[in-house]
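>>> This is a predicted model, with the sequence first.
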Amino acid sequence: MKVAIVGGTGAMGSGLGRLLALKNEVRIGSRDPERAKRAAARIPGASWGSYQGAAEWCEACVVAVPFGAVGDLAVLAGPLAGKLVLSVVNPLKVEEGVLQYALAKGSAAEAIAEALPESVVATAFNNVPQGMLGDPERPELDVLIAAADKEGFARAARLVSSVPRMRPVYVGPLSQAQSVERVTVLEINAARLSGSKPFAVRLVGRDERP
(Lines give C-alpha, C1' and ligand atoms only; values in the text may rest on other atoms or scores of the structure.)
Protein backbone atom coordinates (compact mmCIF):
# COMPACT_ATOMS: atom_id res chain seq x y z
CA MET A 1 0.00 0.00 0.00
CA LYS A 2 1.16 3.55 -0.70
CA VAL A 3 1.25 5.31 2.68
CA ALA A 4 1.87 9.01 3.22
CA ILE A 5 3.09 10.22 6.61
CA VAL A 6 1.92 13.82 6.92
CA GLY A 7 4.12 15.34 9.59
CA GLY A 8 6.58 12.51 9.09
CA THR A 9 9.68 14.43 10.10
CA GLY A 10 8.97 14.17 13.84
CA ALA A 11 9.96 11.27 16.07
CA MET A 12 6.55 9.56 15.97
CA GLY A 13 6.00 10.02 12.24
CA SER A 14 9.50 8.87 11.34
CA GLY A 15 9.31 5.91 13.69
CA LEU A 16 6.03 4.74 12.20
CA GLY A 17 7.39 5.34 8.72
CA ARG A 18 10.25 2.92 9.34
CA LEU A 19 7.87 0.21 10.54
CA LEU A 20 5.28 0.74 7.81
CA ALA A 21 8.00 0.70 5.16
CA LEU A 22 8.69 -2.94 5.95
CA LYS A 23 5.62 -3.96 3.93
CA ASN A 24 4.37 -0.74 2.33
CA GLU A 25 5.59 2.11 0.13
CA VAL A 26 6.12 5.16 2.33
CA ARG A 27 6.33 8.84 1.44
CA ILE A 28 7.23 11.47 4.04
CA GLY A 29 5.20 14.65 3.67
CA SER A 30 6.40 17.93 5.13
CA ARG A 31 6.14 21.67 4.59
CA ASP A 32 9.94 21.77 4.75
CA PRO A 33 11.49 19.93 1.76
CA GLU A 34 14.91 19.59 3.38
CA ARG A 35 13.49 18.06 6.57
CA ALA A 36 11.35 15.69 4.50
CA LYS A 37 14.37 14.64 2.45
CA ARG A 38 16.46 13.98 5.58
CA ALA A 39 13.65 12.01 7.25
CA ALA A 40 13.04 9.89 4.14
CA ALA A 41 16.75 9.13 3.84
CA ARG A 42 16.60 7.38 7.23
CA ILE A 43 13.82 5.04 6.02
CA PRO A 44 14.85 2.37 3.50
CA GLY A 45 12.92 2.80 0.26
CA ALA A 46 10.99 5.89 1.38
CA SER A 47 10.35 8.93 -0.79
CA TRP A 48 9.50 12.48 0.22
CA GLY A 49 7.42 15.43 -0.86
CA SER A 50 5.05 18.19 0.17
CA TYR A 51 1.83 17.59 2.08
CA GLN A 52 -0.12 18.08 -1.12
CA GLY A 53 2.09 15.81 -3.19
CA ALA A 54 2.07 13.06 -0.55
CA ALA A 55 -1.73 13.27 -0.21
CA GLU A 56 -2.24 12.98 -3.97
CA TRP A 57 0.18 10.03 -4.27
CA CYS A 58 -1.01 7.90 -1.35
CA GLU A 59 -3.70 5.28 -0.85
CA ALA A 60 -3.67 5.81 2.93
CA CYS A 61 -2.39 8.67 5.06
CA VAL A 62 -1.03 8.77 8.61
CA VAL A 63 -1.44 12.17 10.27
CA ALA A 64 1.32 12.91 12.77
CA VAL A 65 1.16 16.70 12.99
CA PRO A 66 0.85 18.68 16.26
CA PHE A 67 -2.77 19.13 17.33
CA GLY A 68 -2.57 22.87 16.66
CA ALA A 69 -1.96 22.14 12.98
CA VAL A 70 -4.94 19.81 12.49
CA GLY A 71 -7.16 22.58 11.07
CA ASP A 72 -4.62 23.20 8.33
CA LEU A 73 -5.33 19.75 6.90
CA ALA A 74 -8.52 21.04 5.27
CA VAL A 75 -6.53 21.95 2.15
CA LEU A 76 -5.92 18.21 1.68
CA ALA A 77 -9.63 17.32 1.70
CA GLY A 78 -9.70 16.89 -2.08
CA PRO A 79 -6.72 14.57 -2.59
CA LEU A 80 -7.59 12.56 0.54
CA ALA A 81 -11.28 12.09 -0.31
CA GLY A 82 -12.28 8.43 0.00
CA LYS A 83 -8.90 7.47 1.41
CA LEU A 84 -8.02 6.00 4.79
CA VAL A 85 -6.63 8.60 7.19
CA LEU A 86 -5.13 7.39 10.47
CA SER A 87 -4.73 9.90 13.29
CA VAL A 88 -1.86 9.39 15.72
CA VAL A 89 -2.41 12.87 17.16
CA ASN A 90 -2.78 13.18 20.94
CA PRO A 91 -3.70 16.65 22.32
CA LEU A 92 -1.60 16.97 25.47
CA LYS A 93 -0.60 19.65 27.95
CA VAL A 94 1.41 19.80 31.17
CA GLU A 95 -0.12 21.06 34.41
CA GLU A 96 1.77 21.04 37.70
CA GLY A 97 4.36 18.72 36.26
CA VAL A 98 1.85 16.08 35.14
CA LEU A 99 0.68 15.41 31.61
CA GLN A 100 -3.01 16.11 31.00
CA TYR A 101 -5.40 15.62 28.11
CA ALA A 102 -5.83 19.04 26.51
CA LEU A 103 -9.44 18.96 25.30
CA ALA A 104 -12.61 19.36 27.35
CA LYS A 105 -14.66 17.67 24.63
CA GLY A 106 -14.09 16.05 21.28
CA SER A 107 -10.81 14.59 20.10
CA ALA A 108 -8.02 15.09 17.60
CA ALA A 109 -9.42 12.35 15.37
CA GLU A 110 -12.85 14.00 15.27
CA ALA A 111 -11.23 17.34 14.43
CA ILE A 112 -9.37 15.65 11.57
CA ALA A 113 -12.63 14.09 10.35
CA GLU A 114 -14.18 17.56 10.34
CA ALA A 115 -11.29 18.92 8.28
CA LEU A 116 -11.42 15.92 5.92
CA PRO A 117 -15.17 15.14 5.65
CA GLU A 118 -14.85 12.75 2.68
CA SER A 119 -12.01 10.68 4.17
CA VAL A 120 -12.26 7.49 6.23
CA VAL A 121 -10.75 8.68 9.51
CA ALA A 122 -9.73 6.38 12.36
CA THR A 123 -7.40 6.41 15.33
CA ALA A 124 -4.36 4.14 15.24
CA PHE A 125 -1.01 3.90 17.00
CA ASN A 126 -2.02 6.61 19.51
CA ASN A 127 -1.37 4.26 22.40
CA VAL A 128 1.98 3.00 21.07
CA PRO A 129 4.83 4.89 22.79
CA GLN A 130 7.28 6.50 20.41
CA GLY A 131 10.10 4.98 22.44
CA MET A 132 8.92 1.47 21.54
CA LEU A 133 8.78 1.97 17.78
CA GLY A 134 12.47 1.28 17.23
CA ASP A 135 12.77 -1.47 19.85
CA PRO A 136 13.47 -4.80 18.10
CA GLU A 137 12.43 -6.62 21.28
CA ARG A 138 9.12 -4.77 21.52
CA PRO A 139 6.38 -7.04 22.91
CA GLU A 140 3.20 -7.62 20.95
CA LEU A 141 0.96 -4.59 21.41
CA ASP A 142 -2.70 -3.85 20.91
CA VAL A 143 -3.49 -0.84 18.70
CA LEU A 144 -6.79 0.73 19.70
CA ILE A 145 -8.85 1.75 16.67
CA ALA A 146 -11.90 4.00 16.80
CA ALA A 147 -13.59 4.28 13.42
CA ALA A 148 -16.99 5.33 12.11
CA ASP A 149 -17.94 1.75 11.24
CA LYS A 150 -16.61 -1.78 10.87
CA GLU A 151 -15.64 -1.13 7.25
CA GLY A 152 -13.44 1.76 8.35
CA PHE A 153 -11.96 -0.43 11.08
CA ALA A 154 -11.22 -3.19 8.57
CA ARG A 155 -9.32 -0.77 6.35
CA ALA A 156 -7.35 0.57 9.31
CA ALA A 157 -6.72 -2.93 10.64
CA ARG A 158 -5.14 -4.06 7.38
CA LEU A 159 -2.55 -1.32 7.59
CA VAL A 160 -1.91 -1.81 11.32
CA SER A 161 -1.48 -5.55 10.75
CA SER A 162 1.34 -4.86 8.29
CA VAL A 163 3.48 -3.81 11.27
CA PRO A 164 5.06 -6.74 13.11
CA ARG A 165 3.75 -7.53 16.61
CA MET A 166 0.86 -5.07 16.51
CA ARG A 167 -2.73 -6.28 16.83
CA PRO A 168 -5.63 -4.02 15.74
CA VAL A 169 -8.52 -3.82 18.23
CA TYR A 170 -11.84 -2.14 17.41
CA VAL A 171 -13.09 0.01 20.30
CA GLY A 172 -16.14 1.59 18.66
CA PRO A 173 -17.10 4.65 16.62
CA LEU A 174 -15.04 7.82 16.29
CA SER A 175 -16.84 9.22 19.35
CA GLN A 176 -14.56 6.89 21.34
CA ALA A 177 -11.42 8.57 19.98
CA GLN A 178 -10.97 10.76 23.05
CA SER A 179 -10.84 7.64 25.23
CA VAL A 180 -8.16 6.20 22.94
CA GLU A 181 -6.13 9.41 23.00
CA ARG A 182 -6.40 9.62 26.80
CA VAL A 183 -4.71 6.23 27.15
CA THR A 184 -1.49 7.90 26.02
CA VAL A 185 -1.66 10.29 28.98
CA LEU A 186 -1.86 7.37 31.41
CA GLU A 187 0.98 5.48 29.72
CA ILE A 188 3.37 8.43 29.72
CA ASN A 189 2.55 9.51 33.27
CA ALA A 190 2.89 5.95 34.57
CA ALA A 191 6.31 5.55 32.96
CA ARG A 192 7.60 8.95 34.11
CA LEU A 193 6.32 8.73 37.66
CA SER A 194 7.62 5.21 38.18
CA GLY A 195 10.96 5.89 36.50
CA SER A 196 10.29 3.08 34.03
CA LYS A 197 10.80 2.51 30.35
CA PRO A 198 7.73 3.25 28.18
CA PHE A 199 4.52 1.40 29.00
CA ALA A 200 1.99 0.27 26.41
CA VAL A 201 -1.38 -1.44 26.34
CA ARG A 202 -1.99 -5.15 25.89
CA LEU A 203 -5.55 -6.42 26.31
CA VAL A 204 -5.56 -9.89 27.81
CA GLY A 205 -8.55 -12.20 27.55
CA ARG A 206 -9.33 -15.13 29.77
CA ASP A 207 -7.89 -17.59 27.26
CA GLU A 208 -4.55 -15.74 27.36
CA ARG A 209 -3.99 -15.94 31.10
CA PRO A 210 -1.03 -18.05 32.25
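Yep, that arrived.
>>> Can you show me the strands along the protein?
2-6, 25-29, 47-49, 60-63, 84-87, 92-95, 98-101, 120-123, 141-146, 166-172 (DSSP state E).
>>> want to try a markdown table for these, with mean neighbour count, mean pLDDT and distance to residue 19 as columns?
Heads up, the C-betas are built off the backbone N, CA and C, glycines and all. Formatted as a markdown table, the strands of the chain follow (neighbours: other C-beta atoms under 10 Å; pLDDT from 0 to 100; distance: least, C-beta to C-beta, whole Å):
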| stretch | mean neighbour count | mean pLDDT | distance to residue 19 |
| --- | --- | --- | --- |
| strand 2-6 | 26 | 98 | 11 |
| strand 25-29 | 25 | 97 | 9 |
| strand 47-49 | 21 | 97 | 17 |
| strand 60-63 | 26 | 98 | 11 |
| strand 84-87 | 28 | 98 | 13 |
| strand 92-95 | 12 | 94 | 22 |
| strand 98-101 | 16 | 95 | 24 |
| strand 120-123 | 28 | 98 | 17 |
| strand 141-146 | 24 | 96 | 11 |
| strand 166-172 | 17 | 96 | 8 |
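>>> For residue 132, which of those strands is the nearest?
Closest to residue 132 of the strands of the chain is strand 141-146 (C-beta to C-beta; 7.3 Å).
>>> quick one: strands adjacent to that closest one?
According to DSSP bridges, strand 141-146 forms sheet pairs with strand 166-172 (parallel).
>>> ok, now which ones touch the residue nearest to residue 190 when sequence neighbours are not counted?
Excluding its sequence neighbours, the residue lying closest to residue 190 (C-beta to C-beta, 6 or more residues apart in numbering) is residue 199, at 5.2 Å. Applying C-beta atoms under 8 Å, 6 or more residues apart in numbering to residue 199 gives the contacts 129, 187, 190, 191.
>>> mind redoing it with 7 Å?
Contacts for residue 199 (C-beta atoms under 7 Å, 6 or more residues apart in numbering) come out as 187, 190, 191.
>>> Scan those and report the most crowded one.
Neighbour tally across the contacts of residue 199 (other C-beta atoms under 10 Å): the maximum, 20 neighbours, falls on residue 187.
>>> Identify the residues contacting the nearest residue to residue 58 once chain neighbours are set aside.
The shortest distance from residue 58 to any non-neighbouring residue, by C-beta to C-beta, 6+ apart, is to residue 4 (3.6 Å). Residue 4 makes contact with 27, 29, 54, 55, 57, 58, 61, according to C-beta under 7 Å, 6+ apart.
>>> Can you tell me how far the residue most central in space within the chain is from residue 78?
Residue closest to the average C-alpha location in the chain (C-alpha atoms, centre = their mean): residue 88, at 2.5 Å. Distance, residue 88 to residue 78, by C-beta to C-beta, to the nearest Å: 22 Å.
>>> now residue 35, nearest residue through space, not along the chain?
Counting by C-beta to C-beta, 6+ apart, residue 35 lies nearest to residue 9, which is 4.4 Å off, once chain neighbours are set aside.
>>> Same check on residue 54?
Residue 54 sits nearest to residue 29 (C-beta to C-beta, 6+ apart), 3.1 Å away.
>>> which residues sit in contact with the one you found?
Counting by C-beta under 7 Å, 6+ apart, residue 29 has contacts 4, 5, 6, 8, 36, 49, 50, 51, 54, 55.
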